[in-house]
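**Student:** the following comprises the amino acid sequence and a computationally predicted model.
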Amino acid sequence: MASGKGLKTGCGLFAQQFKALMLKNLKVSMRNKRAFFLQVASSFGFIFLLFVVDQAAMASRRSDAYYRDVVAANPKLVAAIPACESSAFIRPPCYDFLWSDSSNPDFAAIVEKIMANNPGRPIPSHKVRGFGSSSEVDSWLLSNPMACSGALHLEQSSAGVISYGLQFNSTPSGVLLRGKHENAPFNFQLPLQAAVEREITRFLTGKDIEWNVWFSEYPHPDLGRFSSVGSFGPTFLFASTMFSVVILISKIVYEKELKLRQQAMSTMGLFDSVYWLTWLTWEVMLALSSSAFLIISGMIFRLNFFLNNSLLILFLIFFLFQFNMIGFAFLFSTFVTKLETSNSMGFCIFIFGSLTQLVTTMGFPYDPRYPSYIKTLWSFFPPNVFAIGLMYLGEGTATKRDRGLLWKDVSSCPPFHVDCNIVMAEVFVWLFGTFFIWFFLAIYFDNVLPDANGLRKSLYYFVRPSYWAGRSRCKRGTRASSSSKDGTVDPNVAVQLRNLTKVFPGVRSRGHWKKSPPFHALQGVSLDIEKEKVFCLLGHNGAGKTTIINILTGILPLTSGDALVYGMSVTNGMAQIRHSMGVCPQFNILWDALTAIEHLQIFASIKGMQPSRRKTECKRLLLSSDLLESSRGRVSAYSEGMKRRLSVAIALIGDPKIVFLDEPTTGMDPISRRKVWEIIEKLKTDRAIVLTTHSMEEADNLGDSIAIVANGTLRCVGSSIQLKQQFGEGYIVTCSVKSTDNKAAVKDFFKLYMDVVAKEETRSYMSFILPRRDENLLAVFFELLQKKQEELGILDIQLSLSTLEEVFLNILEGTGQSCNSELKD
Ligand SMILES: Nc1ncnc2c1ncn2[C@@H]1O[C@H](COP(=O)(O)OP(=O)(O)OP(=O)(O)O)[C@@H](O)[C@H]1O
């Protein structure tokens, strides 16, 4: 086959395709700025939120000594017993304190004094409640939780000896509520204790003794441990990464849904490996920049997390997590076929991941209490190891004094988790290692799940020697034993179909468990397509035309029989065939964001065209398809006709020896259609063109040979004239008459000599169909008609064959006999 002249192959082609797809990604991203910005810079927004959380937490704790540096002792006089309403934790109606034993009059007197002498605020009697015994107090507290700050229990073991006991609500201690941190021992216990001691002493001594108690906190630094990034970072930064994941899944699914990958790029010869490698490289570049951006943002907001931890550790954890999620996105994209599903899938991953992260930060299962197999299983989900990594880094910078995690710490437990069972280095290994699991699973599922054409490989495709052998044979471009139906190679034949059969397996429709029976889309089609001719496939909807083209272009595998293109079988020579093939698919498969010239350049690169030829080739194609002027406009702004012309131009890249045009003029206005017809007419020199169409006019005008296909079988092949002669009803004679008065005489004449009646008539025209069986009478009849023309009042006589449409309908309706062999002149 004289094909692929000057086209790159092997590593050169690999590199060229890679470059073209990277440029495509760059251009599509640049024109979709919002998504691109979200992907790279969303982290800035999330860091800002973390900064706000950090500031809010600091503001609410500023009043508490625990979260402050206490530098020197600052003695304070023990204050009055507080009113219960002043406590953030005690609900009204409340008691300032309870007491027992109320039956003892001495104790009642002591309590009365405590209430009356409370400094600055005598306690009213309804705010204190007495009980008979301490057990009664306990049962009241049990049934009235948070209704009192504490209780006082007085006992007299012997005369002159009064003991007391205190109970207080320890709940508020160390708890932050409504921005308040209450310290029950200082706020409640000490004032009550000082008051009871004072009043017991006064009671026993009978003297009005002055009683002052001082206390002071010992000096300590800010002991509050809080890192907004360590606490909320896993969720926030996971959400930011999920933007990239959803955008990536959408981008892959977009190309899948529009069949840009399988039907457009693969038929041009795109290597699957280039496809995946390009996405990977592009996304890794985005992950690198977004990780750097994230760290810089954290430093701008002066978060300790970013200032004190090792930069290398920070960069690795953010980058490796995003890297891992790229593999995860690849894997999920293989299960999604519709663009709208990718968003909901991303949302589900986020919700699920946030919950498992929450559980992780609560200590499960990275604690020696849990068996190691649970830890292993848990670590397969990337957000979990990311959460534990961030938690370590957060705890390493929880206070101003913490020095953060240094690189030398990566292999040891962090200071606050001395009994940890995962170290930072393992977090990195998990994030890096599991990427490859997702990546290879993505490639596996990409092969075994049905693609846009319902095509899939066997579950064990990779262990079959034929898979590897087929690949290597393809690379060498083995020529299949090619011969025509009688076993000889015809040099004028471009395509040979031999008993071609395609069976689509049965499918389970929604709500039904039972599969539909297998569908025989092609049932033993045999035909030859000659070079330098336009071969038209005509057929009703669902006849099997696109299936024939899809088999010839390698999109679908055949079930049995064979299809040869220039002697190469599509079953094992597709790689070679692709170099000399151009395809215009039934639907426009284009990127909305790219221009016509960019499409041509990308596809020319994928096909392997040398850069030196690319510019002139693209210009030539734009000129011939009348798109030169609009070549720099985005395809989204093109009319349907312009898109169709661009699809035809793409099919013609690289001067292919065979061009498949699947309904190329669908949606075009008559002027554009004529233009495409001219292109096709000029094209056929030195190549074969296979065209499918529903337009009889198009088939009549362009088709050197027309094949009529119905229900997966070939009904007839021949030129337009041959088909009309054999399957048309006969000859159509149209007569225009001077006046309506002449019509009756003309009708009588046709009835008398040919025994036909008018099939159609208007005021001045009449048409008659003269059947083919009377072909031998035609010469004599026309001689007679011309002689009587004046007498019958006929102005003009026109003779034509039946229309192709009539032929087509006759064949489909079974009124015409079907021919299984090609018609001969
Ligand atoms: N992947 C598939 N799985 C199952 N059936 C399929 C698949 N692709 C095509 N078919 C069926 O095969 C038959 C032939 O389809 P094909 O697309 O080749 O028809 P066509 O002649 O090109 O029709 P049209 O003119 O409408 O494009 C149809 O009945 C179609 O439903």
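**Tutor:** Structure's in. What do you need? Numbers count the residues shown, from 1 in each chain.
**Student:** what's across from the residue lying closest to residue 719 once chain neighbours are set aside in the sheet?
**Tutor:** Among residues not flanking residue 719 along the chain, residue 705 sits closest, at 6.1 Å (CB to CB, 6 or more residues apart in numbering). No exception for glycine: its C-beta is placed from N, CA and C like everyone else's. When bridges are called by DSSP bridges, residue 705 pairs up with residue 535.
**Student:** pLDDT wise, what is residue 705 at?
**Tutor:** On the pLDDT scale, residue 705 is placed at 91.
**Student:** check residue 63 too.
**Tutor:** On the pLDDT scale, residue 63 gets 63.
**Student:** contacting residues for the nearest residue to residue 264 once chain neighbours are set aside?
**Tutor:** Spatial nearest neighbour of residue 264, chain neighbours left out: residue 589 (4.1 Å); criterion: CB to CB, 6+ apart. Applying CB atoms under 8 Å, 6 or more residues apart in numbering, we find residue 589 in contact with 258, 259, 260, 263, 264, 647.
**Student:** tell me, how many residues neighbour the first one?
**Tutor:** When you say that, I think you mean residue 258. The number of residues packed near residue 258 is 19, by other CB atoms under 10 Å.
**Student:** what do you get for the fourth one?
**Tutor:** By other CB under 10 Å, the residues close to residue 263 number 21.
**Student:** look up phi and psi at the residue sitting furthest away from the middle of the chain.
**Tutor:** For the chain, the residue at maximal distance from the C-alpha centroid (CA atoms, centre = their mean) is residue 206, at 86.0 Å. As for residue 206, its main-chain torsions (degrees, to the nearest 10) stand at phi 70, psi 10.
**Student:** how much space separates residue 686 from residue 110?
**Tutor:** As judged by CB to CB, to the nearest Å, residue 686 and residue 110 stand 119 Å apart.
**Student:** neighbour count: those two, which is higher?
**Tutor:** residue 110 (24 against 10).
**Student:** my guess is residue 254 meets residue 339, correct?
**Tutor:** Yes. Judged on CB atoms under 8 Å, residue 254 makes contact with residue 339 at a distance of 5.9 Å.
**Student:** give me the residue ranges of the stretch 251-400 of the chain where confidence is low.
**Tutor:** For the stretch 251-400 of the chain, no stretch is flagged by pLDDT under 70.
**Student:** show me the strands in it, by range?
**Tutor:** Taking DSSP state E, counting those that start in this stretch, the stretch 251-400 of the chain contains no strands at all.
**Student:** do the stretch 501-650 of the chain as well
**Tutor:** For the stretch 501-650 of the chain, the strands defined by DSSP E, counting those that start in this stretch cover 519-530, 534-539, 560-565, 568-569, 581-584.
**Student:** by contact count, what packs against the third one?
**Tutor:** Read that as strand 560-565. Where contact means 3 or more CB pairs under 8 Å, 6 or more residues apart in numbering; DSSP states H and E, strand 560-565 is packed against strand 493-504, strand 519-530, helix 545-552.
**Student:** give me the contact list for the shortest one.
**Tutor:** The set of residues that contact helix 545-552 without belonging to it, under CB under 8 Å, 6+ apart, is 453, 495, 497, 500, 502, 521-522, 525, 537-539, 556-558, 563, 565, 570, 583, 586, 660, 662, 690, 692, 709, 712.
**Student:** tell me if it is near the ligand.
**Tutor:** Yes. Helix 545-552 reaches the ligand (CB under 6 Å from any ligand atom) through 545, 546, 547.
**Student:** possible to save the helices and strands packed on strand 560-565 as JSON lines with mean pLDDT?
**Tutor:** Listed next are the helices and strands packed on strand 560-565 as JSON lines, based on pLDDT from 0 to 100:
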{"stretch": "strand 493-504", "mean pLDDT": "91"}
{"stretch": "strand 519-530", "mean pLDDT": "91"}
{"stretch": "helix 545-552", "mean pLDDT": "91"}
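**Student:** just those: most buried one?
**Tutor:** For these, the largest average neighbour count (mean count of other CB atoms under 10 Å) is found in helix 545-552, namely a mean of 25.
**Student:** next, the angle from it to strand 493-504.
**Tutor:** 110 degrees (axes from the mean of the first three to the mean of the last three CA atoms, to 10 degrees).
**Student:** what angle do helix 545-552 and strand 534-539 make?
**Tutor:** Going by the same axes, to 10 degrees, helix 545-552 is angled at 130 degrees with respect to strand 534-539.
**Student:** and helix 545-552, C-alpha only, in CSV?
**Tutor:** Extracted in CSV, the C-alpha atoms of helix 545-552 (Å, rounded to 0.1, in the frame of the first residue of the first chain):
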residue,chain,number,x,y,z
LYS,A,545,-23.7,1.5,7.2
THR,A,546,-21.9,3.0,10.2
THR,A,547,-21.1,-0.4,11.5
ILE,A,548,-19.3,-1.2,8.2
ILE,A,549,-17.4,2.1,8.5
ASN,A,550,-16.6,1.5,12.2
ILE,A,551,-15.2,-1.9,11.3
LEU,A,552,-13.1,-0.6,8.5
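**Student:** tilt between it and strand 519-530?
**Tutor:** Relative orientation of helix 545-552 and strand 519-530, computed by the same axes, to 10 degrees: 70 degrees.
**Student:** list the buried ones in stretch 434-445?
**Tutor:** Within stretch 434-445, the residues scored as buried using 16 or more other CB atoms under 10 Å are 434, 435, 438, 439, 442, 443, 444, 445.
**Student:** which of those lies closest to the ligand?
**Tutor:** Nearest to the ligand among these is residue 445, at 18.4 Å by CB to the nearest ligand atom.
**Student:** check contacts around the residue nearest to that closest one when sequence neighbours are not counted.
**Tutor:** Nearest residue to residue 445 in three dimensions, chain neighbours excluded: residue 334, at 4.0 Å (CB to CB, 6+ apart). Residues counted as contacts of residue 334 (CB under 8 Å, 6+ apart) are 442, 445, 446, 449.
**Student:** residues contacting the first one?
**Tutor:** Neighbouring residues of residue 442 by CB under 8 Å, 6+ apart: 276, 327, 330, 331, 333, 334.
**Student:** not counting its neighbours along the chain, what's nearest it?
**Tutor:** Spatial nearest neighbour of residue 442, chain neighbours left out: residue 330 (3.7 Å); criterion: CB to CB, 6+ apart.
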